[in-house]
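Colleague: Return atomic coordinates for the entry below.
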Amino acid sequence: MRTWLFIVSMLLWHLFAEGQAVPFSFRNMSINEGLSQSSVVDVATDDAGFLWLATQDGLNRYDGRELVIFKKNFDDITTTTGSRLGKIVNGRNNTLWLITSGGRLEKLDLYNEKFTPIRTIGADSMVPPPVTSLLPDKKNILWIGTENDGLYKYDVAKNKVVDHVNVDDFGRNQRSSILYIFQDSQKGIWVLTNNGYTILVPLSNGLMGSMSPMKEGIPFSVMDEDTAKTLWIGTYGKGLYMQKGQNFDFVPFTGYGGQNNLPGNLVIESVKADADGQIWVGTYGNGLYLINPAKATITHYLVNKKDPFSISYNDILSIKEDKQGGIWIGTDGGGVSHYDKRLNNFAMLTSNNVPQSISIEQVRAITTDQKGNVWIGTSNSGLTFANIRNNAFETFHYPPAPWAQGNYDRVVSLFTDAQGDIWVGTQGNGLLVVDAVTKKIKTRFFPDGEGVQHIPDHTIWCMLPAPNNQVWAGTRNGGLCLMDKQKGLIKNYNTSGEAGYRTLENNVRFLTLINDTTLCIGFEKRGIQFLQTKTGRLFTRPNATLDGMMAKETIFKCCWYRQPVLWIGTLGRGMVACNLNTGETHVINDEQGLPNNTVYGMLCDELGHVWISTNKGICRFVSPGNLGQVNRSAFTTFLAEDGLQSNEFNTGAYHKAADGRFLFGGINGLTIFQPDQIALLNQPARVVITQAMVNNQPLLSDTGMAYKKFLRLPYSQNAVSFNFAALDFVSPRRFNYYYQLSGYDTKWIDAGNRNYVAYTNLPPGRYVFKVKAAMQLPENSPVTLLTIIIDPPFWRTPWFVLLCVLALAGLLYAVYRYRINQLLRLQKVRNRIATDLHDDIGTTLTNISILSELSKKKLLQKEDAGTFLDRIAEEVHNSSQALDDIVWSINTKNDTLEQTVARMRRYAAEVFDAANITYTLQLDEQFEKYKLNMEQRRDIFLIFKEAINNIYKHANAKHVEIKVWIEKSRLHLVIQDDGKGFDINTATHRNGIKNIRNRIEKWNGHIALSSVPGKGTETRVHFPLS
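Modeller: Sure thing, here's the model as predicted:
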């Protein structure tokens, strides 16, 4: 994408060669401005307002500022009898139909910028032959003209070929190539071929029929209908044909007689009837013709290599009109030429359109003589005379006066008196009076001049007519002078005068008349003073605003008076509007809409509008009723791209001619215009978003940004930027852009003419990006909208927050339930401990108490007493062991399975060693990986203990084998003895086995008991571990 950088001065006051009597300016665009190739075979505009240019080497889209190039090529073949040119036509539903190289039919979906080659059409998949012309109608019918296979009527929506005819079927057998298809205002379809034309109308059966016979023998090329419903047809080598009357007869059009003739042998590639009723005729090799039927005139435009604003080339392939009434002319080698009324608002004289020997740059002063010729004072380059009508120019370098100061060729003020003489004020070379006819000096005034030639200063900044054919002259160091050509200096007002006749300072920068008897004198640094011309007295009017500006050393540059407001221009502080009737004063600057705060010149038109030259172009100020309410809507700004000599103008270089023309001078030359003939944009320009960037990378989307209405991004892509453009092809840089991101910006942002905005670190949320453009205030401008949603991260989404709330609630409930269960479990443990203490310790203590009482009774019987004491000792031992088991089971240090197995091993050793029973113990090494809760730990140990006690008490075993291991998160315990065994089916009153079984089933475990009398017992326990 390349920006169309136009040259600084865009338009000029044309000095046309023979045959070019009407001043027309064209803006040209070629490969130098970014066009992909300079042969523009066709031009079209789409519904959004973009301009499309087809070339041999690319399809170009233009928005007024930038070109976007698509890789599509188009044919460019032209002869005197026919042509094969690529085509672009605007279809329905944001579609462009293209005829690309080789006559291939393609469709461009503007919505997603996707090209689709049309390889077959219709339900029967017919392969279209080479296509030469296209016509989409409002019913979504595409008329397809081919090179040698007639005309197809194609229903796009139904993908159906409704009808197909060979145009030669209506009268001849010879095949003809269709060159152009056109639909007139009466819905008739005109088919132009290399051998005539025919008109097709729909029949009752939906097919096509001929309304008139084929007109034979003429190679027709193109057709259009003007606002008067007159049809115009171009030909190859046979000139232009015009409809005769209301029938379908055509006659050659050769012009209106005299100089308004049209050659009859033109090769015409394009005819365009514009909205103003003019007919644009583009020829191959003979340039452009403009026919104005209303004025019965024909104007011929040819390329002029010395004039950058003539048409770019004489071989014209296409002419189209855009939505703003602009005319686009595609040429075969010169790119595209653009004409718009607004391009011809201003004429100018620059070095581009005057002879090289003529001084025209750095204009410092302007006047027009009684014949309308323009006299131009330049800085350092003398005085230039311009007879624009006759293309006559001359620059004069007048000799310096004796003891002249500085550059004697610096002309800073000009004035034409009632006799037609030109008064020339210089900077350093005094004041000259020049005969406008002979261009000779008639008299001169300078400080060292004797008698009537004397003037108190070498520099004369400004001049104004005075009564009796005299002239007021403001000097740099000599105050205000009243001059007479014959009598010389009549009166001098300066700082050394008497009271009432003394000026505020000697540096007089501008003069203006308030009325017939009052003269306003503007000084460079001391403000303004008034002179009563009849009495010769000077006076001032108190003004706090002006006094305040002078206190800040404000430099005054110019002024203009229109009842009752005195307008004063300043250097860097805007302009001052002072109502001399009321004393009300307002300062107007760039904050209110003035394009620049340095005001070089001001002129008022007949409507009271003030035209102002600045360092940023010229602006028109339409004063509101209340000068205290000035805003941007009061200003219309024009820049170099609108046809000014440049954006920078100069002090003193402004003049209103007798015929109403305004002339402003600047660094590159002279700008001339009629203020009442300025054409402005009639409707607000639509803004399109041309590009979007996300995280500094181009947005990849299936929808073109110009058509995108919705954009959704993840939270990580929260830096976005947009380029946008007001679709105006004349002055796109004159638009001010206003944007707002609703949901982020609290108000509209005035971006000036910057067409780019960026946002970074946008929080997740829903936004609406809004942008509009206006040359003045944007209240009535259409707004372009783009909805943007930045999704939050999943942890900030409502569903995730809800889930987290639910999870937290569940967690809190789980903690609550856990706490409750812990309390219940603790209470259960307490209850169990109390029960164990009661059952084990309490029972034992009761036994001990009973045995103690019995032993007292048998105390004298040593043998019985000893028995009781042994039993007491046994009970104490059992009680101690039970208490030890209880304490061990509740101690958290014993939570590991390893600690439980270690206690099991110690217990087995204590029991079997005391009973002289041999045993073997095989243990796994993975016990330390598992932890047990108190209940599990206690039950596992008691199961083991019960099994060991049964062997000790009842088995009479000699040897015991114990195996403990872990497999698949289950504890496996196998205890095998060689005791007497028992019948496991025999009922018994003992609870040992039952206790073991209950404890195992409590934890979903399993016990397998096997025993044979006389052969021992084997106990297998499988205990699940959590």
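Colleague: can you list the residues that contact stretch 587-598?
Modeller: Here stretch 587-598 makes contact (CB atoms under 8 Å, 6 or more residues apart in numbering) with 545, 549, 557, 570-577, 612, 614-617, 619, 621, 627, 630-635, 637, 776. Placement of C-beta: from N, CA and C, glycine included.
Colleague: Kindly recompute the last result at 6 Å.
Modeller: 571-576, 614-617, 619, 630-632, 635, 637 (CB atoms under 6 Å, 6 or more residues apart in numbering).
Colleague: Please confirm that Glu641 is located within a helix.
Modeller: Yes. Per DSSP: H, G, I helix; E, B strand; the rest coil, Glu641 lies within a helix segment.
Colleague: sorry, back to before: give me the subset of the contacts of stretch 587-598 lying in strands.
Modeller: Taking DSSP state E, the ones among the contacts of stretch 587-598 that sit in strands are Met575, Val576, Thr614, Gly617, Cys619, Phe635, Thr637.
Colleague: what's across from the fifth one in the sheet?
Modeller: For Cys619, the beta-bridge partners under DSSP bridges are Ile612, Thr637.
Colleague: contacting residues around it?
Modeller: Pro595, Ile612, Phe635, Thr637.
Colleague: Tell me how many other residues crowd the third one.
Modeller: Taking other CB atoms under 10 Å as the neighbour definition, Phe635 ends up with a count of 22.
Colleague: What of the first one?
Modeller: When counting by other CB under 10 Å, one arrives at 19 neighbours for Pro595.
Colleague: ok, the closest residue to it other than its chain neighbours - how many residues close by?
Modeller: Sequence neighbours aside, Lys616 is the residue nearest to Pro595 in space, at 4.2 Å (criterion: CB to CB, 6 or more residues apart in numbering). Neighbour count of Lys616, defined by other CB under 10 Å: 18.
Colleague: what do you get for Thr918?
Modeller: 12.
Colleague: same thing with Gln532?
Modeller: The burial count assigned to Gln532 is 13, neighbours taken as other CB under 10 Å.
Colleague: State the distance from it to Leu538.
Modeller: According to CB to CB, to the nearest Å, Gln532 stands 8 Å off from Leu538.
Colleague: One more: Asp124?
Modeller: 97 Å.
Colleague: higher neighbour count, these two?
Modeller: Set side by side, Asp124 and Leu538 show more neighbours around Leu538, with 20 against 8, by other CB under 10 Å.
Colleague: which residues does the more buried one contact?
Modeller: Counting by CB under 6 Å, 6+ apart, Leu538 makes contact with Gln529, Leu531.
Colleague: Ser39 now?
Modeller: Ser39 neighbours (CB under 6 Å, 6+ apart): Thr55, Gln56, Asp76, Asp332, Gly333.
Colleague: tell me which of these is nearest to Arg733?
Modeller: Nearest to Arg733 among the contacts of Ser39 is Thr55, at 25.1 Å by CB to CB.
Colleague: what pairs with the closest one across the strands?
Modeller: With DSSP bridges applied, Thr55 shows beta-bridge pairing to Val40, Gly58.
Colleague: what sits against it?
Modeller: Ser36, Gln37, Ser39, Val40.
Colleague: redo that, cut-off 8 Å
Modeller: Contacts of Thr55 by CB under 8 Å, 6+ apart are Leu35, Ser36, Gln37, Ser38, Ser39, Val40, Val41, Asn73, Phe74.
Colleague: Next one, pLDDT for the residue nearest to Pro595 please.
Modeller: In this model, Lys616 is scored at 94, pLDDT.
Colleague: Could you number the chain from 644 rather than 1 from now on?
Modeller: Okay, residue one is now 644; in that scheme the one you just asked about reads as Lys1259.
Colleague: just checking, it touches Ser1289?
Modeller: No. The pair Lys1259 / Ser1289 is not scored as a contact, 10.4 Å apart, by CB atoms under 8 Å.
Colleague: Quick check: can you list the domain ranges of this protein?
Modeller: For the chain, the structural domains run 1330-1435, 1440-1533, 1537-1669, going by automatic domain parsing.
Colleague: Quick one: mean pLDDT for the shortest one?
Modeller: Okay, so that is domain 1440-1533. For domain 1440-1533, mean pLDDT rounds to 73.
Colleague: Look up how far Glu1610 lies from Val1544.
Modeller: To Glu1610, Val1544 is 15 Å away according to CB to CB.
Colleague: So which of these two has more stuff around it?
Modeller: Val1544 (21 against 10).
Colleague: Could I get the full set of helices for the chain?
Modeller: In the chain, the helices defined using DSSP state H lie at 1187-1194, 1441-1479, 1486-1500, 1505-1533, 1540-1557, 1577-1593, 1635-1645.
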